[in-house]
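Novice: Next come a sequence and a model predicted from it.
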Amino acid sequence: MRKGFAPILIILIIAIVAIVAYLFMVNKSNLSPNNATVTPIPNEASNLTTGWKTFTDTKRGFSFQYPSEWSSPSNTCVSPPTPSNALDLSANCIKTVIFKDNTLPKQNGNNVLDEILLSETNIKVAGLEAKRQIYAIGIAQVDKPPALDPDEGVNNYQVWIYKNGSPYILWLTWIGNGTEKTRAEKIVQILDQVLTTFKLLDNQGCESDNDCGINHCACKAENKKYLGTEDCLQLCPGTPQCLQHECILK
């Protein structure tokens, strides 16, 4: 071995050992678990309908739940008139009208000329096929279809419910022209939840009069299949009492 070569060889060996040791430590560090915070998977959403009120229409045979804070509008609310034979359930200044059977208007889209269809979704309501349509007020244009106003929120929440392939029920909610966009979207979410509680009452399949909701208020909750004491107080004005399962004013 030439003079001076041995020290160089020793230095090379030391350098190689140092590099191998360094790579080993880096690799070990990468394999170690990190200290990042793990976000827990949230539990299932709580039932949003807890504490909601129940509306029951015994004559036309349906019921649904709605937020307990919704109440009749004040005289300052401006909303479309209620068609005859249609339900008017108001939530603050929000108006819902439900048509059924012979009260159904023609299914030719929305009758408001300057409204724009934002979305149309096929859904199911009470086990029946349905179509959910969301409208917004557009900007009127001469000889042109209305243009979408980016500052306007949802104005109309419309759901067609079909039975045996034909329109059976129309749910129509006017959210209100000029409603703040974020609030209107929140109302749509609540209405979607309301629809999940919609039920049809099979009055034709009752075993006895006590099972049927037709013309009975059931203040004593004997008609538990459809109605209860709370429904009696909602459906019967004044202070009612029950006589042979019918609601009679004192």
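Specialist: Perfect, thanks for sending it.
Novice: The longest strand that the chain contains - contacts with which helices or strands?
Specialist: For the chain, the strand that runs over the most residues, judged by DSSP state E, is strand 128-141. Where contact means 3 or more CB pairs under 8 Å, 6 or more residues apart in numbering; DSSP states H and E, strand 128-141 is packed against strand 115-125, strand 144-148, strand 154-163, helix 181-195. Every C-beta, even on glycine, is put in place using the N, C-alpha and C of the backbone.
Novice: Report the rounded mean pLDDT for stretch 65-72.
Specialist: Per-residue pLDDT over stretch 65-72 has a mean of 71.
Novice: what residues does the longest strand of the chain touch?
Specialist: Residues outside strand 128-141 that contact it (CB atoms under 8 Å, 6 or more residues apart in numbering) are 110, 112-124, 145-149, 152-163, 168, 177, 188, 192, 195, 200.
Novice: Show me what counts as buried in it.
Specialist: For strand 128-141, a neighbour-count test (16 or more other CB atoms under 10 Å) marks 130-138 as buried.
Novice: For this structure, give me the ranges with low pLDDT.
Specialist: Residue ranges of the chain with pLDDT under 70: 1-12, 15, 17-47, 58-60, 71-95, 100-113, 150-151, 176-178, 202-250.
Novice: and with 50 instead?
Specialist: 26, 28-46, 72-89, 92, 108-112, 203-233, 235-250 (pLDDT under 50).
Novice: How is it divided into domains?
Specialist: 53-200, 208-249 (automatic domain parsing).
Novice: looking at it, Val97 is touching Leu172, isn't it?
Specialist: Yes - between Val97 and Leu172 there is a contact at 4.8 Å, judged by CB atoms under 8 Å.
Novice: what residues are shared contacts of these two?
Specialist: The contact lists of Val97 and Leu172 share no entry, where a contact means CB under 8 Å, 6+ apart.
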